[in-house]
Each structure stands twice: as C-alpha cells, then as structure tokens.
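*Asks:* Following is a predicted model, sequence given first.
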Amino acid sequence: MLIGLSIRNVVLIQSLDLAVGAGLTALTGETGAGKSIVLDALGLALGSRADAGLVRRGAASASATAVFSLPPNHPVFAALAEKGLEADAGGELVLRRQIGADGRSRAFVNDQAASVGVLRDLGALLLEVHGQHDAVGLLDARTHRALLDSYGGCGEALRACRAAWTTWRELSKAAAVLRDRVSQDTAEAEELTLRLAELDRLDPKPGEETALADQRALLGAAEKVMDDITAAQESFAAGQIAQRLSQASRALQRALDRVKGPAQGEQAAAVRGLTEAAAAVERALIEADEASSALDAAAQSFVFDPAGLEKTEERLFALRAAARKLNVPVEALPAQRMRMVQALQALESADADLAAADAAAKAAEGAYWSAAKLLSAARSAAGLRLSEAVEAELKPLKLEKARFQVAVEPLAPERAGADGADRVAFEIATNPGAPFGPLGAIASGGELARFALALKAALAARETTAGGAAFTPVMIFDEVDQGVGGAVADAVGLRLRGLARAAQVLVVTHSPQVAARADVHWRVSKSIQGDMTTTAIEPLDPASREEEIARMLAGAEVTEAARAAARALIA
C-alpha cells in the first residue's frame with residue numbers, strides 16, 4: 001500500500017507531503033489546477049520518463065518520493081534481492097527520484113543508488129495506472145495470460161504444466177548431451193579401435209623396455225667383446241703357456257727326484273722350496289687349462305649376431321614410438337591397452353543409454369503436452385466466464401454496445417513454454433458488427449479507462465496468486481468518468497468503491513458522483529502570488545468535502561440546492 005508521497009519543486013508544486021490511506025481516494029479540483037501533476041510526480045518516483053520541464057521554474061532540482069508499506073512476502077522483496085538491494089526490516093519501501101534543471105536524473109531505493117530501470121521494474125509490481133491515453137497494467141497484453149490464470153483458478157494446472165515442462169527440458173537436454181557425446185564417441189571409437197589394434201599387434205609386456213634396453217646394450221658391445229676374447233685366446237695360442245708350464249713341471253719333478261732321501265739343515269730348506277715351486281707350477285698348469293676352457297666358453301657365448309641386435313632395436317623403438325603416440329611411458333602401455341578395451345566396451349553401451357534417454361525425453365514430452373492441453377481447457381473455460389463477467393460490467397458504464405472476449409489460441413509448438421502453449425489476449429469490439437481487436441485499439445481515452453475499470457472489477461473477486469496470497473497493486477484511474485454523468489457516473493463510483501474494499505484506489509475525477517463514493521477526498525487548488533503559480537493539495541474534512549462536491553455540482557456559484565444535493569450524494 002502507498003502510505004506517503006512527497007513532492008518538491010515539480011512543475012507548480014513547491015512542497016507537498018501527503019499521507020495516503022487505504023480504500024478509495026478522490027482527487028478533485030478545477031480544470032488546470034494541477035491534478036495531473038500529482039500523477040506525474042508519482043510516475044517520476046516509479047521510474048517514468050522525465051525531463052527538465054518537470055522542474056519548477058527557479059528551482060535547481062525537483063524530487064518525488066513514494067513510500068510503500070508491504071507484507072514481508074510481497075514479490076517486490078524478491079526483486080530487490082535479485083537486484084542486490086537491501087530491504088527495510090520494517091517492510092517499508094522508499095522510492096525516490098531526483099531530476100536537475102539540466103535534465104540529469106538520479107534514482108534511489110531505500111536510500112541506495114539505483115537505476116531508473118530498477119525503479120520502473122519495482123513500480124510495475126506496485127502500481128497500475130489507467131489513464132486517458134495510456135494502456136498499462138491490466139491493458140498490457142503481456143499480462144493477460146497470468147490474469148486469466150489467476151481469475152480462472154488455473155494455478156494447479158499451471159504448476160503441473162511448469163513441472164512437466166521442466167522435466168521435459170531437463171531430460172531433453174540430457175539426451176542431447178548424450179547424443180553429442182555418442183556422436184563424438186563414434187569418431188573416438190574408430191581411433192581407439194585403430195590404436196588398440198596397434199597395441200594388440202605390438203603386445204607390450206610389463207618390464208619389457210628395461211629388458212630390451214639391457215639386451216641391446218649387451219648385443220651392441222658383443223663385437224668388441226669378441227675382439228677382446230680373441231686377443232686373450234691368442235695369448236694361449238698353440239698351447240704355448242701350457243706346454244712351457246708342463247716343461248717346467250717335469251724339470252722340477254726331475255730335480256726333486258735327484259734330492260730324494262733324508263735331508264737336514266740347509267738342504268732340507270732347499271728341498272721344501274723346490275717342492276713348493278713344483279706344486280705352484282702344477283697349479284698354474286691346471287689354472288691355465290681352466291682359463292683356456294673359460295676363454296673358449298666365453299667366445300661361444302659372445303658370438304656377435306647383427307640380426308639379433310637389429311631385431312632387438314626394432315622392438316624397443318616400436319614400443320617407444322607407441323608410447324610417444326599415446327603420450328604415456330613405455331611401462332604404461334599394457335595398462336593403457338586395458339583402458340582402451342574398457343573404453344570401447346563403454347562406448348558400445350552408450351547407444352543403449354542414448355536410446356533410453358531418448359525414450360525418457362519422449363515420454364516427458366508427451367506428459368508436457370497432456371498437461372498443456374489440460375491447462376488450455378481450463379483457460380478456455382475461464383475465458384468464457386471472464387467474458388460474461390466483463391460484459392455484465394460494461395452496460396452500467398455506458399459501454400452497452402461494446403463486446404468483450406478472451407481469445408485463447410494455440411501457439412506454434414516451437415513457441416510453447418513452461419506456462420503452456422496458449423496465446424491469451426483480451427479483445428473488444430466497440431460497435432455492433434465491428435471485429436474484435438486489441439484493447440489498445442479503443443480510440444476514446446474515457447472508454448479505455450472505463451473498460452479497465454470493468455475488467456478490474458470482474459477480476460477483483462477472483463484475484464489470487466499461486467501461493468494463495470493476493471498482492472493487488474495500487475490502482476490509479478485518471479478521469480475514468482470522462483464524458484459520462486448521472487447514473488453512469490454513479491455506477492463508476494460504485495465500482496471504484498467496490499475495488500477499494502480489497503485494494504488501494506486513487507481516482508482523478510470531475511464527477512461528483514464518483515467523488516462522493518471516496519473514503520478520502522483531496523482537493524487540488526491553484527494560487528498565484530506575484531509571477532509565481534503554485535498548486536496545493538489539501539485533505540478535506542466533512543464540511544469542506546460537502547462544499548467541494550456542491551461546487552462540482554453547481555459550478556461557479558454554489559447554491560443551497562447544490563449543497564443539499566452534495567449531502568444526498570455523500571449519504
């Protein structure tokens with residue numbers, strides 16, 4: 001609810017602070033007094049376009065501040081959080097706009113700097129203006145589907161449709177991701193198959209690189225080793241060492257034979273030395289034979305095999321090339337081979353997974369269209385009821401020739417969404433035989449405002465939200481009674497009063513019948529002091545209100561008859 005409006009230096013208003021109450025508030029005053037300035041100022045605070053022309057002559061700047069008191073679960077607080085703005089703990093919302101004489105504008109939300117666009121977005125949640133030439137609020141075609149759903153009690157069907165849409169979208173997205181992956185995996189499978197075939201042919205073994213490297217080193221050195229062994233063998237050529245050692249052994253043996261017998265002293269020592277020498281030569285002869293045999297055995301084991309070296313190198317190089325290609329160490333090739341086998345097995349199962357995902361998405365699509373069909377049926381039924389209710393409101397408002405319908409038409413399948421597959425539009429034909437058309441096609445501003453009143457009156461009794469709480473914006477009707485009087489004007493007042501039972505309504509009016517129905521009556525007046533013109537607004541007490549309504553009835557000269565008529569209207 002709007003609880004306060006402060007205006008500073010806006011056109012003819014120098015300074016004004018208004019406390020706004022619940023129910024129906026009427027603004028009256030002579031033509032040109034400045035009633036529209038109040039609406040301009042309120043629009044300024046709620047983000048409407050503004051220019052330097054709104055700044056009062058001689059002032060450096062103008063400002064307008066609107067204060068709202070809102071329940072804690074009002075959707076405006078979610079909008080504040082989304083925009084990163086802090087909310088007042090007490091549930092108040094203060095929107096302020098300042099415009100300088102140079103045309104520069106500043107906006108504030110709860111004293112926090114904000115953009116004009118933020119004010120405009122918040123204002124759309126707080127206020128509806130039904131004016132002479134503006135089709136906003138109820139007359140905005142973008143709001144018609146939500147209004148019909150609220151009126152028709154379609155919340156449950158709408159929630160089911162949204163849930164089905166979300167499920168369908170999520171499953172379709174999952175299937176699309178899987179499909180892309182399968183498409184990519186097809187190429188990957190071909191690559192994996194080729195690489196696995198290469199590894200299968202290569203058949204790498206754990207630890208094979210080390211063994212091959214050692215073997216390659218050994219085979220690479222075999223030729224030089226053979227040369228060294230041959231040189232060693234040549235040192236034993238023709239058994240020269242063994243022959244000479246044999247000759248030495250026989251000579252020593254003959255010497256021992258010559259000194260057989262007992263020996264004492266120096267002779268005994270010489271015999272022992274001779275014996276040891278003979279034994280050493282004998283051992284050397286045995287070692288020489290063993291060395292010769294070992295050389296022969298080594299020569300046989302180190303036979304140089306160029307073909308074997310080439311084969312070893314080819315195998316080692318093939319393993320290393322495969323490892324480089326796969327960007328893994330050679331020792332990881334066996335494990336990589338196993339991973340490829342497992343990956344191919346997983347890819348083979350992806351087709352089955354995709355088929356299951358497609359089936360789930362298809363089932364979800366069917367569920368969505370079933371839910372959308374039920375929602376469409378509910379909307380069509382609600383549209384018929386709303387059409388009858390609005391047409392019942394048109395006749396007393398002197399729009400008896402107008403016809404109203406709610407067009408519920410199917411959207412193209414690709415335009416369907418979470419809120420269903422319907423285009424909903426409120427349409428009217430103003431004259432008999434004329435085709436139905438958009439509400440904005442109504443030519444007369446007065447007809448447009450009265451039609452908005454009829455539509456709002458029809459909707460008011462059934463307004464609800466999906467959560468069960470109603471958040472009806474502040475409604476402003478600007479000269480909704482233009483061109484009508486008498487019983488029609490009284491009918492307008494009655495319907496405004498009816499709307500004000502559940503919402504806050506402000507009406508700018510020239511009709512005494514409408515003003516008499518108000519809970520609060522403000523009079524707008526203009527005064528001239530020197531070369532300055534000033535507009536003032538004052539709440540009227542019962543006596544002043546009676547006098548104002550009498551003026552509206554009588555004109556320039558207020559008579560007792562007019563005062564009596566005013567009392568009758570108020571009563």
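*Replies:* Yep, that arrived.

*Asks:* Where does the prediction get shaky in the protein?
*Replies:* Applying pLDDT under 70 to the chain flags the ranges 131-139, 185-187, 223, 237-239, 261-266, 302-305, 440-446, 460-471, 481-484.

*Asks:* Domain parsing of it, as residue ranges.
*Replies:* The chain breaks down into these domains under automatic domain parsing: 1-128+446-537, 182-345, 540-571.

*Asks:* Deepest-packed of those domains, please.
*Replies:* Ranked by mean neighbour count, the domains of the chain are led by domain 1-128+446-537 with a mean of 19 (mean count of other Cβ atoms under 10 Å). Placement of C-beta: from N, CA and C, glycine included.

*Asks:* Okay, strands next: where are they in the stretch 451-571 of the chain?
*Replies:* Taking DSSP state E, counting those that start in this stretch as the criterion, the stretch 451-571 of the chain carries its strands at 474-478, 505-508, 520-529, 532-539.

*Asks:* Mind putting those strands into TSV with distance to E560?
*Replies:* Below are those laid out as TSV (distance: least, Cβ to Cβ, whole Å):
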stretch	distance to E560
strand 474-478	31
strand 505-508	28
strand 520-529	20
strand 532-539	24
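
*Asks:* could the domains of the chain go into CSV alongside distance to S172?
*Replies:* Shown next, in CSV, are those (distance: least, Cβ to Cβ, whole Å):
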stretch, distance to S172
domain 1-128+446-537, 25
domain 182-345, 15
domain 540-571, 63
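
*Asks:* To S370, which of those lies closest?
*Replies:* domain 1-128+446-537 (20.3 Å; Cβ to Cβ).

*Asks:* Tell me how far that closest one lies from the chain's centre.
*Replies:* 34 Å (Cα atoms, centre = their mean, to the nearest Å).

*Asks:* Select, out of the domains of the chain, the one closest to R385.
*Replies:* domain 1-128+446-537 (8.8 Å).

*Asks:* End to end on stretch 257-277, go ahead and measure it.
*Replies:* Terminal residues of stretch 257-277 lie 14 Å apart, using Cα to Cα, to the nearest Å.

*Asks:* Distance check, V118 against L540.
*Replies:* Noted for V118: a distance of 36 Å to L540, by Cβ to Cβ, to the nearest Å.

*Asks:* Please apply the same query to A554.
*Replies:* 17 Å.

*Asks:* next one: K456
*Replies:* Per Cβ to Cβ, K456 is found 26 Å from L540.

*Asks:* How about K373?
*Replies:* Look at K373 and L540: by Cβ to Cβ, they are 56 Å apart.

*Asks:* do F108 as well
*Replies:* 32 Å.

*Asks:* again, but for A294
*Replies:* Distance from A294 to L540, by Cβ to Cβ: 134 Å.

*Asks:* Can you tell me the element A107 falls in?
*Replies:* For A107, the element it lies in under DSSP states H and E is strand 105-109.

*Asks:* Residues contacting that strand, please?
*Replies:* With Cβ atoms under 8 Å, 6 or more residues apart in numbering as the test, strand 105-109 has contacts from 47, 50, 80, 85, 93-99, 113-116, 118-119, 122.

*Asks:* what lines up beside that strand in the sheet?
*Replies:* strand 92-100 (antiparallel), strand 112-114 (antiparallel) (DSSP bridges).

*Asks:* For the longest one, list the C-alpha coordinates in PDB.
*Replies:* Coordinates of the C-alpha atoms in strand 92-100 are reproduced here as PDB (Å, rounded to 0.1, in the frame of the first residue of the first chain):
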ATOM      1  CA  GLU A  92       8.700  -0.200   4.000                       C
ATOM      2  CA  LEU A  93       9.900   0.600   0.500                       C
ATOM      3  CA  VAL A  94      11.000   4.100  -0.300                       C
ATOM      4  CA  LEU A  95      11.400   5.000  -4.000                       C
ATOM      5  CA  ARG A  96      12.900   8.400  -4.700                       C
ATOM      6  CA  ARG A  97      13.700  10.200  -7.900                       C
ATOM      7  CA  GLN A  98      15.600  13.500  -8.300                       C
ATOM      8  CA  ILE A  99      15.900  15.500 -11.600                       C
ATOM      9  CA  GLY A 100      18.000  18.500 -12.000                       C
END
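
*Asks:* Run through the bridge partners of the nearest residue to S115 once chain neighbours are set aside.
*Replies:* By the measure of Cβ to Cβ, 6 or more residues apart in numbering, the closest residue to S115 outside its immediate chain neighbours is A107, 6.1 Å from it. Legend: beta-bridge partners of A107 under DSSP bridges are R97, A114.

*Asks:* how close does A107 get to A298?
*Replies:* Distance, A107 to A298, using Cβ to Cβ: 100 Å.

*Asks:* Then L39?
*Replies:* In terms of Cβ to Cβ, L39 sits 115 Å off from A298.

*Asks:* again, but for L455
*Replies:* From L455 to A298 the distance is 113 Å (Cβ to Cβ).

*Asks:* Please apply the same query to D228.
*Replies:* For D228 relative to A298 (Cβ to Cβ), the value is 9 Å.

*Asks:* before we move on, back to that, TSV please, covering the strands paired with strand 105-109 and showing distance to A277.
*Replies:* Shown next, in TSV, are the strands paired with strand 105-109 (distance: least, Cβ to Cβ, whole Å):
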stretch	distance to A277
strand 92-100	124
strand 112-114	117
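
*Asks:* and of the ones you listed, who's closest to A565?
*Replies:* Nearest to A565 among the strands paired with strand 105-109 is strand 92-100; the distance by Cβ to Cβ comes to 40.4 Å.

*Asks:* outside of the closest one, which residues touch it?
*Replies:* 3, 44-47, 50-52, 54-55, 60-70, 76, 80, 87-88, 105-111, 116, 119, 122-123, 126.

*Asks:* Looking at those, which are in strands?
*Replies:* Residues of the contacts of strand 92-100 located in strands (DSSP state E): 3, 61-69, 105-109.

*Asks:* Next, give me the two most distant ones among those residues.
*Replies:* Pairwise distances across the ones in strands among the contacts of strand 92-100 (Cβ to Cβ) peak at 27.0 Å, for the pair S61 and S69.

*Asks:* Now do the contacts for R315.
*Replies:* L212.

*Asks:* by how many degrees do the strand holding A107 and strand 61-69 diverge?
*Replies:* Here the directions of strand 105-109 and strand 61-69 differ by 20 degrees (axes from the mean of the first three to the mean of the last three Cα atoms, to 10 degrees).

*Asks:* Please export the C-alpha coordinates of strand 105-109 as CSV.
*Replies:* What follows is strand 105-109, C-alpha atoms only, in CSV (Å, rounded to 0.1, in the frame of the first residue of the first chain):
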residue,chain,number,x,y,z
SER,A,105,18.2,12.2,-13.2
ARG,A,106,19.1,10.2,-10.1
ALA,A,107,17.2,7.3,-8.6
PHE,A,108,17.2,5.7,-5.1
VAL,A,109,15.7,2.7,-3.5
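
*Asks:* now what about the helix or strand containing R244, what contacts it?
*Replies:* Using DSSP H and E, R244 maps to helix 240-258. Residues from elsewhere that reach helix 240-258 (Cβ under 8 Å, 6+ apart): 235-236, 271, 274-275, 277-278, 281-282, 284-285, 288-289, 292.

*Asks:* Take these and write them to a markdown table, including distance to F426 and secondary structure.
*Replies:* Listed next are those as a markdown table, based on distance: Cβ to Cβ, whole Å; DSSP: H, G, I helix; E, B strand; the rest coil:
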| residue | distance to F426 | secondary structure |
| --- | --- | --- |
| S235 | 120 | helix |
| F236 | 121 | coil |
| V271 | 144 | helix |
| L274 | 141 | helix |
| T275 | 138 | helix |
| A277 | 135 | helix |
| A278 | 136 | helix |
| V281 | 132 | helix |
| E282 | 131 | helix |
| A284 | 126 | helix |
| L285 | 128 | helix |
| A288 | 124 | helix |
| D289 | 123 | helix |
| S292 | 120 | helix |
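
*Asks:* and which of these is nearest to R179?
*Replies:* Once Cβ to Cβ is applied, the member of the contacts of helix 240-258 that ends up nearest R179 is S292, at 79.1 Å.

*Asks:* got a list of what the nearest residue to the closest one once chain neighbours are set aside touches?
*Replies:* Nearest residue to S292, sequence neighbours excluded (Cβ to Cβ, 6+ apart): F236, at 4.9 Å. Going by Cβ under 8 Å, 6+ apart, F236 touches 242, 288, 291-292, 295.
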